[in-house]
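*Asks:* what follows is a predicted structure for the sequence shown.
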Amino acid sequence: MEFRKISENMEFIREVFGEVELQPFSEEKLSQLAYRHYWDYNCEYGVITAFNEEALYPISYNEVKKVSRELPHRWSAICGAITGAFYIFATTLPLEKALEGAKRLIEFHNREKLPIFKGKIPNLPKAAVGSILCRDSIINWCKATGIHPRSMERAERCACITADIAGKCGELVRELSEELVRN
């Protein structure tokens, strides 16, 4: 998906929800909660619910799902952990900073050898995947690591990446908010 379309979706999210505040949070705790909640439902749920619990993010996953059906551009092909983070950025930062956060998160997801988070499977292989599209991300990781796409290791990889994205989102929100205060 072109970044212009991501930007338009984030602007729409901002118009619907406005700006909300987060309470003080720990990136480590966000990661742990996102990992746990991935197993409850999915990656987007993991990120949103981690922020609900740890930072008292006032927008529920059900509200996110409802607004996602109304977005100018469907992003169903994008990794849900990343779309969850897009909601956090769009509603907690001014639009310019939110878009900067989205770009930096995409760069992190595509270029870092992930997962970083340590879940239930020790020594899970890491690989840079080069795409935020869910299917491409999974296939690229599986090809790079030799792991079957329908394996428990692949599911664990997605849970750990959900944790990585939640933690990185928290880090970027904090960093970009501090930049606003300094300027």
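*Replies:* Perfect, I can see it now. Numbering: from 1, shown residues only.
*Asks:* next one: Glu112 from Gly119, what distance?
*Replies:* Distance of Glu112 to Gly119, given as C-beta to C-beta, to the nearest Å: 17 Å. Where you see a C-beta, it was placed from the backbone N, CA and C, and this is true even at glycine.
*Asks:* looking at these two now, which is surrounded by more residues?
*Replies:* Gly119 (20 against 16; other C-beta atoms under 10 Å).
*Asks:* got a list of what that one touches?
*Replies:* Listed by C-beta atoms under 8 Å, 6 or more residues apart in numbering, the contact set of Gly119 reads Tyr35, Glu156, Ala159, Cys160, Ala163.
*Asks:* could I get the full set of helices for the chain?
*Replies:* Counting by DSSP state H, the chain has helices at residues 3-17, 27-40, 43-55, 61-68, 80-92, 95-111, 134-145, 152-182.
*Asks:* give me the helices and strands touching the third one, please.
*Replies:* Secondary structure elements in contact with helix 43-55, counted by 3 or more C-beta pairs under 8 Å, 6 or more residues apart in numbering; DSSP states H and E, are helix 27-40, helix 61-68, helix 80-92, helix 152-182.
*Asks:* same question for the fourth one.
*Replies:* For helix 61-68, the elements it packs on are helix 3-17, helix 43-55, helix 80-92, judged by 3+ C-beta pairs under 8 Å, 6+ apart.
*Asks:* show me the contact partners of stretch 123-130.
*Replies:* By C-beta under 8 Å, 6+ apart, the residues outside stretch 123-130 that reach it are 109-116, 136-137, 140-141, 144-147, 153, 156-157, 160.
*Asks:* could you dump the helices and strands packed on helix 43-55 to JSON lines with distance to Gly101?
*Replies:* Listed next are these as JSON lines, based on distance: least, C-beta to C-beta, whole Å:
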{"stretch": "helix 27-40", "distance to Gly101": "14"}
{"stretch": "helix 61-68", "distance to Gly101": "17"}
{"stretch": "helix 80-92", "distance to Gly101": "4"}
{"stretch": "helix 152-182", "distance to Gly101": "4"}
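*Asks:* of those, which is nearest Lys5?
*Replies:* helix 80-92 (11.3 Å; C-beta to C-beta).
*Asks:* so how far is that closest one off the chain centroid?
*Replies:* 6 Å (C-alpha atoms, centre = their mean, to the nearest Å).
*Asks:* need the CA coordinates for it. PDB is fine.
*Replies:* In PDB, the C-alpha atoms belonging to helix 80-92 read as follows (Å, rounded to 0.1, in the frame of the first residue of the first chain):
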ATOM      1  CA  GLY A  80      -2.400  -6.000  12.000                       C
ATOM      2  CA  ALA A  81       0.200  -5.200  14.600                       C
ATOM      3  CA  ILE A  82       1.300  -2.300  12.400                       C
ATOM      4  CA  THR A  83      -2.200  -1.100  11.700                       C
ATOM      5  CA  GLY A  84      -2.800  -1.100  15.500                       C
ATOM      6  CA  ALA A  85       0.200   1.100  15.900                       C
ATOM      7  CA  PHE A  86      -1.100   3.400  13.200                       C
ATOM      8  CA  TYR A  87      -4.200   4.000  15.400                       C
ATOM      9  CA  ILE A  88      -2.000   4.800  18.400                       C
ATOM     10  CA  PHE A  89       0.100   7.300  16.400                       C
ATOM     11  CA  ALA A  90      -2.900   8.900  14.700                       C
ATOM     12  CA  THR A  91      -4.700   9.500  18.000                       C
ATOM     13  CA  THR A  92      -1.900  10.500  20.300                       C
END
